[in-house]
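>>> how would this look folded up:
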Amino acid sequence: MSAPSPLSLSNRQRAMLRAMGVSWLAPAPARQPPPVAAAAAPAAPIAPAKVMPVVAVAHGAAADWAAHLAQVQACQACDLAQQRAAVLLAQGEPTTARWLFVAAHPSSQAEPGLVLPPEQHALWQAMGHALGLPPAAMMLTALTKCVPAPGHWPGQAHEIACQPHGRDTVALLRPDVVIALGAHVARRLLQLPPDTPLGALRGQVHRYHGTPLVVTHALDALLTRHGDKAQAWEDLCLAHQNCPPTMAA
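Residues are numbered from 1 along each chain as shown. Down below sits the predicted model:
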């Protein structure tokens, strides 16, 4: 049974889809708007990692991006402050970005100023091209704002300590939608139990502090499980159908 797509794709965009490894899909017809997930009840408190206690981040909401950067640079809430190679709030242009993608952590293997390693970065760009999103409309950030030094990997305690900074990023950008890249990211943002599966999170529009949030696969997983790229495309179509980017004229 055929159905019209919520997107009108050009030949170039279809070529980008093929580059992603996704053959052309016509998403199922939208008989009714997808359910908007009710705000989840706060999950039971997660015990901080024993190796590093969480210190409360004592600051008010950042008034602008300069203050946001200064607060992250001055942050001593976890031991990444002593082990980080750099601070990276986000990748993208705050004055034009409308879609905010959230990954788990900045990679020490990424090029300076970028969040993810080259292969994941290229896939993220291809996803935007396939949707027809201008590069200026896309921003990429992570649960933690510190680029770890080689040999260090952020954990649960670091993610918890960095949550206020993540909220500031969303509050300052005011995006049309947040795209959570992977179940781990979604569970952290939505404060869900750690065993919540990806399948229970996809296919609906959640809310993160009032902002629509759509969950899809993590980029590193898509690079190894190519069959999941079709599901990722469905997730992006869901986001585009319900939260199209409001670009300035």
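>>> can you classify the residue most central in space within the chain by secondary structure?
Nearest to the mean C-alpha position of the chain, counting by C-alpha atoms, centre = their mean, stands V102 at 1.7 Å. When classified by DSSP: H, G, I helix; E, B strand; the rest coil, V102 comes out as strand.
>>> looking at the protein, which helix or strand does the model trust least?
Ranked by mean pLDDT, DSSP states H and E, the weakest helix or strand in the chain is helix 11-20, scoring a mean of 59.
>>> now do A97 against G199, distance only.
Separation of A97 from G199 (C-beta to C-beta, to the nearest Å): 29 Å. Every residue, glycine included, has its C-beta placed from N, CA and C.
>>> looking at these two, which is more packed in?
Set A97 next to G199 and count neighbours by other C-beta atoms under 10 Å: A97 wins out with 26 against 10.
>>> now the more buried one: closest residue in space, sequence neighbours ignored.
M139 (3.6 Å; C-beta to C-beta, 6 or more residues apart in numbering).
>>> other SSEs contacting the helix or strand that contains the one you found?
Using DSSP states H and E, M139 sits within strand 138-142. For strand 138-142, the contact count by 3 or more C-beta pairs under 8 Å, 6 or more residues apart in numbering; DSSP states H and E identifies strand 99-103, helix 118-131, helix 163-173 as packing neighbours.
>>> tell me which of the ones you listed sits most buried.
strand 99-103 (a mean of 25; mean count of other C-beta atoms under 10 Å).
>>> just checking: what are the partner strands of that strand?
strand 138-142 (parallel), strand 177-181 (parallel) (DSSP bridges).
>>> angle of the first one against helix 163-173?
If you take axes from the mean of the first three to the mean of the last three C-alpha atoms, to 10 degrees, strand 138-142 sits at 170 degrees to helix 163-173.
>>> what residues are up against L143?
102-105, 154, 159, 162, 166, 185, 188-189 (C-beta atoms under 8 Å, 6 or more residues apart in numbering).
>>> which of these lies closest to H68?
Each of those was checked against H68 using C-beta to C-beta; the closest is G166, at 10.7 Å.
>>> can you tell me the closest non-neighbouring residue to that closest one?
L143 (6.3 Å).
>>> look at the residue nearest to the centre of the chain and report its pLDDT.
Here the pLDDT value assigned to V102 is 98.
>>> what do you get for W153?
In this model, W153 carries a pLDDT of 84.
>>> can you tell me which residues contact L213?
Contacts of L213 (C-beta under 8 Å, 6+ apart): 177-180, 186, 189-190, 205-207.
>>> name the next helix or strand downstream of whichever strand or helix holds it, please.
Per DSSP H and E: L213 is located in strand 211-216. Following strand 211-216 in sequence order, the next helix or strand is helix 219-224 (DSSP H and E).
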